[in-house]
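Colleague: mind folding the following:
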Amino acid sequence: MIQTNAKSEDYPTLFSNRKKEFQYAGEDLNTLKVGLLKYAAEQNISVKTEKIQNSAAKGYFRPATRSIILSDRNNESETIYTLIHELAYAVLHNQEKMPQKEAALQRASVIEYQAEMTVYIVAHHFGLDTEEHSLQYTPQWTKNLKEIEGLTKVLDETKTASHALIGVLKFFLEKELVKIVQNINRTLWNLKMTF
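Modeller: Model prediction:
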């Protein structure tokens, strides 16, 4: 018996962890991924891709081992999205920081809100459109922000983490661009020398 009036073609869009293809307006998703992985390494956070058993999770952060596990089922844009989300956990909610936070800032609703808002800010900055997903995800965890106490503090922490991640990624991407330009100049020089 079906207990919904939704059309069968709409079923895939009703699942919160369904496959998503986030639109990307940037140059190269792989370079962004490499930047995120370098940032993780600098923070002593290991990142692995594995089969996640008995779960639709796209990834998770293990505080005790400072490791991020990404699902092997993720497409490229989901991997970037999930990596940013889990890096937000690692930076904002690690074992050193959590005991220092007020009890209200340790609630699951706050933790999820901060991680998702960090994804939204960082991804948006680099051209990955997660808006639709983020706007659906956060109300589920926060009951439309009713479960968030100390919203100013929550947003300040999110802003600080987002800006730090953006700054590191911009620096990495600029260095990669310089390398590309140098390679092009070398190639042009070599071509000029052969004529």
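Colleague: doesn't residue 168 make contact with residue 36?
Modeller: No. Using C-beta atoms under 8 Å, residue 36 and residue 168 do not qualify as a contacting pair, with a distance of 9.2 Å. In short, each C-beta sits where N, CA and C put it, glycine included.
Colleague: where does the chain have low pLDDT?
Modeller: Applying pLDDT under 70 to the predicted model, the residue ranges of the chain that meet it are 1-19, 195.
Colleague: for the residue nearest the centre of it, what are its contacts?
Modeller: The centroid of the chain falls nearest to residue 84 when counting by C-alpha atoms, centre = their mean (2.0 Å). Listed by C-beta atoms under 8 Å, 6 or more residues apart in numbering, the contact partners of residue 84 are 36, 118-119, 122-123, 165.
Colleague: distance-wise, check it relative to residue 33.
Modeller: For residue 84, the distance to residue 33 under the criterion C-beta to C-beta, to the nearest Å works out to 10 Å.
Colleague: which other helices and strands contact whatever helix or strand residue 174 lives in?
Modeller: Here residue 174 sits within helix 151-194, counting by DSSP states H and E. In this structure, helix 151-194 packs against helix 29-42, helix 76-92, helix 108-125, with contacts taken as 3 or more C-beta pairs under 8 Å, 6 or more residues apart in numbering; DSSP states H and E.
Colleague: helices or strands up against the shortest one?
Modeller: Contacts of helix 29-42 with other secondary structure elements, assessed using 3+ C-beta pairs under 8 Å, 6+ apart, are made with strand 46-50, helix 76-92, helix 151-194.
Colleague: cool, and the last one?
Modeller: The contact analysis (3+ C-beta pairs under 8 Å, 6+ apart) places helix 108-125 against helix 76-92, helix 131-142, helix 151-194.
Colleague: count the residues that sit near residue 48.
Modeller: The number of residues packed near residue 48 is 10, by other C-beta atoms under 10 Å.
Colleague: in which helix or strand would I find residue 60?
Modeller: Assigned by DSSP H and E, residue 60 belongs to strand 59-62.
Colleague: what strands flank that strand, and is each parallel or antiparallel?
Modeller: Strand 59-62 pairs in its sheet with strand 67-71 (antiparallel), by DSSP bridges.
Colleague: contacts for the strand it pairs with?
Modeller: Residues lying outside strand 67-71 but in contact with it, judged by C-beta under 8 Å, 6+ apart, are 40, 45-52, 57-62, 78-79, 82-83, 86-87, 90.
Colleague: quick one: contacts for residue 130?
Modeller: For residue 130, the contacting residues are 22, 81, 119-120, 123-124, by C-beta under 8 Å, 6+ apart.
Colleague: weed out the non-buried ones from the residues you listed.
Modeller: For the contacts of residue 130, a burial check counting by 16 or more other C-beta atoms under 10 Å picks out 22, 81, 119-120, 123-124.
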